[in-house]
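In: could you look at this predicted model? Sequence included:
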Amino acid sequence: MGEISRDSDLREVADQMSAQARTFLSTVTQVASGAMPGAELSLLVLATSDLLAAGARLAAIVDVVPMERFEPDAGPDTDLDPLREALARMFDGFDEYTEVVDPVISPEVERASISGELACVAEAMAKGLQHHDGGHELEALWWWQFSYFSLWGERAASVLRAVQTVLAHLRLDVEDDVATEAEYDALHA
């Protein structure tokens, strides 16, 4: 009875992760299409934060081990080059940033791109969804959990920091007279 309950609980977690993956992919796709002018960065902060919260839940559960010891073919990989390219055009001028490769082991830094990292995370979500939609919920959950630790968790955290930093610069880096006028208006409203 305990095994059935565990599988049932894991399938529920897989369904929740599926919904979160779909939301992330939808948001990133809408942002890349230009459908959200002026709200792009805020929406990416929200979608990436929500996805990382789902990843934290994956980290908190026991390791998922599917019944089969091989990964069923989920079909062809989703071509995310158009998404990556659209995001790169959108973020032209501030797409690249510096990230610490492994903050625990070394202070080494490398160049990364917002568009590349978002596309990488989207690819991991899409692959999990292929398994989930193919009726392999536990395989999908295994994939999302494994790739959270090995790939998308780190990439999502890194890109979240970069996007939040860009958003902060846009909101806070204003001329002193503009800031003083805004403070005056806020105090006297």
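Out: Sure thing, it's come through. Numbers count the residues shown, from 1 in each chain.
In: beyond the longest helix along the chain, next helix or strand please.
Out: Of all segments of type helix in the chain, defined using DSSP state H, the longest is helix 2-33. Downstream of helix 2-33, the first helix or strand assigned by DSSP states H and E is helix 40-60.
In: can you dump the C-alpha coordinates of the helix or strand that that next one is followed by into PDB?
Out: Later in the chain than helix 40-60, the nearest helix or strand by DSSP H and E is helix 81-90. Output in PDB follows, covering the C-alpha atoms of helix 81-90 (Å, rounded to 0.1, in the frame of the first residue of the first chain):
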ATOM      1  CA  ASP A  81      16.800  28.100 -31.600                       C
ATOM      2  CA  PRO A  82      14.000  30.400 -32.800                       C
ATOM      3  CA  LEU A  83      13.200  31.200 -29.100                       C
ATOM      4  CA  ARG A  84      16.800  31.800 -28.300                       C
ATOM      5  CA  GLU A  85      17.300  34.100 -31.300                       C
ATOM      6  CA  ALA A  86      14.100  36.100 -30.600                       C
ATOM      7  CA  LEU A  87      15.200  36.600 -27.000                       C
ATOM      8  CA  ALA A  88      18.800  37.600 -28.100                       C
ATOM      9  CA  ARG A  89      17.300  40.200 -30.400                       C
ATOM     10  CA  MET A  90      15.100  41.500 -27.600                       C
END
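In: identify the residue spatially nearest to residue 50, adjacent ones excluded.
Out: With C-beta to C-beta, 6 or more residues apart in numbering as the criterion, residue 50 has its nearest non-adjacent residue at 6.3 Å, and that residue is residue 20. All C-beta atoms are positioned from the backbone trio N, CA, C, and that covers glycine.
In: what do you get for residue 142?
Out: Residue nearest to residue 142 in three dimensions, not counting chain neighbours: residue 64, with 4.4 Å by C-beta to C-beta, 6+ apart.
In: give me the number of residues near that neighbour?
Out: Residue 64 has 18 neighbouring residues, counting by other C-beta atoms under 10 Å.
In: next one: residue 154
Out: So residue 154, with other C-beta under 10 Å, has 19 neighbours.
In: would you confirm that it belongs to a strand?
Out: No - assessed with DSSP: H, G, I helix; E, B strand; the rest coil, residue 154 is helix; it does not lie in a strand.
In: any weak-confidence spans in this protein?
Out: Counting by pLDDT under 70, the chain shows low-confidence ranges at 1-6, 66-76, 174, 176-180, 182-187, 189.
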